[in-house]
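Asker: pasting the sequence and the predicted model now:
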Amino acid sequence: MSAGAWRQPGEPSFLTPDMEKEYRKVRPQVLERWWETLERDGVVVFRMSVVKTALFAAGSWAFVVGIVMIFAVSPLATWNPFDTTGEGGVLQFLFGLLLVAGLLLFSVGVVMWTFVYPVVRPRLAVSWWGVQSVAWKPGGLFTLFSAPWPSIILVDGFHTATKWPFPDTLHVRINARGHGVERARPVRVRQQDTWVEYQLNGQLRGRKREILAFLQQVHVAVRPEE
């Protein structure tokens, strides 16, 4: 199987410019290494990236501390929309609401990346049988998503546009249906009519574009075009 042959049966030849760029950045040597591991061991396991988790945790803590410091050093009158002394006003009040929303958002990130992810340690196993995403809980592992290759309809990627200076986010998505599909109830697993859509965790080791290409490569090998 060629490391570059990752496009799957039935996938249209047209790709968005963003996805074309993603595929051009895929390193063939990485796919070859994963493919060799799959042929040798029968499974490739993508574990949680400690570096990614630590960076996200540090960034969340930085934002939380920064927002708290802004509130700590600013007088209460700054956030009063009815203030007539010149210290506050409607714009400052709206900015304060934005800071509160940011504080809530990044506080959730602090909890997730500092305490949750290091404990549950999500991982993805890609084997000749199919794809299985699991995490840890007291008492053992539990399945987030599991599907054999015959039940997997499509593996693809798409971008979520963000504002400068943040880059667009690449998401890797698996669509599956059938009796062999298992799913938990986390945020990234949802029912879509007759099939299940699962988005890969962004905290896994490896670049998402290369994990996407590898999944498509294995999908092609297991379900060749007729």
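Answerer: On my side now, so go ahead.
Asker: below-threshold pLDDT in the chain: ranges please.
Answerer: The model of the chain has pLDDT under 70 over residues 1-15, 83-88, 161-167, 185-194, 224-226.
Asker: select the longest helix from it.
Answerer: helix 50-73 (DSSP state H).
Asker: what's the angle between the helix or strand following it and helix 50-73?
Answerer: Next along the chain after helix 50-73, taking DSSP states H and E as the criterion, comes helix 90-111. When axes from the mean of the first three to the mean of the last three CA atoms, to 10 degrees is applied, the directions of helix 90-111 and helix 50-73 differ by 150 degrees.
Asker: which of the residues in helix 90-111 are buried?
Answerer: 92, 93, 96, 99, 103, 106, 107, 109, 110 (16 or more other CB atoms under 10 Å). Every C-beta, even on glycine, is put in place using the N, C-alpha and C of the backbone.
Asker: could I get those as CSV with distance to residue 196?
Answerer: Below are the buried residues of helix 90-111 laid out as CSV (distance: CB to CB, whole Å):
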residue, distance to residue 196
92, 46
93, 44
96, 41
99, 38
103, 34
106, 30
107, 31
109, 26
110, 30
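Asker: looking at these, which is nearest residue 172?
Answerer: The closest of the buried residues of helix 90-111 to residue 172 turns out to be residue 109 (CB to CB; 20.6 Å).
Asker: now do the strands in this structure.
Answerer: Along the chain, counting by DSSP state E, strands occupy 43-46, 123-127, 130-137, 140-148, 152-160, 169-176, 182-183, 189-192, 195-199.
Asker: is it possible to export these to CSV including mean neighbour count and distance to residue 74?
Answerer: Converted to CSV, the strands of the chain look like this (neighbours: other CB atoms under 10 Å; distance: least, CB to CB, whole Å):
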stretch, mean neighbour count, distance to residue 74
strand 43-46, 18, 44
strand 123-127, 20, 44
strand 130-137, 19, 40
strand 140-148, 17, 42
strand 152-160, 18, 33
strand 169-176, 19, 32
strand 182-183, 16, 46
strand 189-192, 12, 41
strand 195-199, 20, 39
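Asker: can I get these in JSON lines with distance to residue 116?
Answerer: JSON lines is the format used below for the strands of the chain (distance: least, CB to CB, whole Å):
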{"stretch": "strand 43-46", "distance to residue 116": "18"}
{"stretch": "strand 123-127", "distance to residue 116": "15"}
{"stretch": "strand 130-137", "distance to residue 116": "10"}
{"stretch": "strand 140-148", "distance to residue 116": "13"}
{"stretch": "strand 152-160", "distance to residue 116": "22"}
{"stretch": "strand 169-176", "distance to residue 116": "20"}
{"stretch": "strand 182-183", "distance to residue 116": "19"}
{"stretch": "strand 189-192", "distance to residue 116": "16"}
{"stretch": "strand 195-199", "distance to residue 116": "17"}
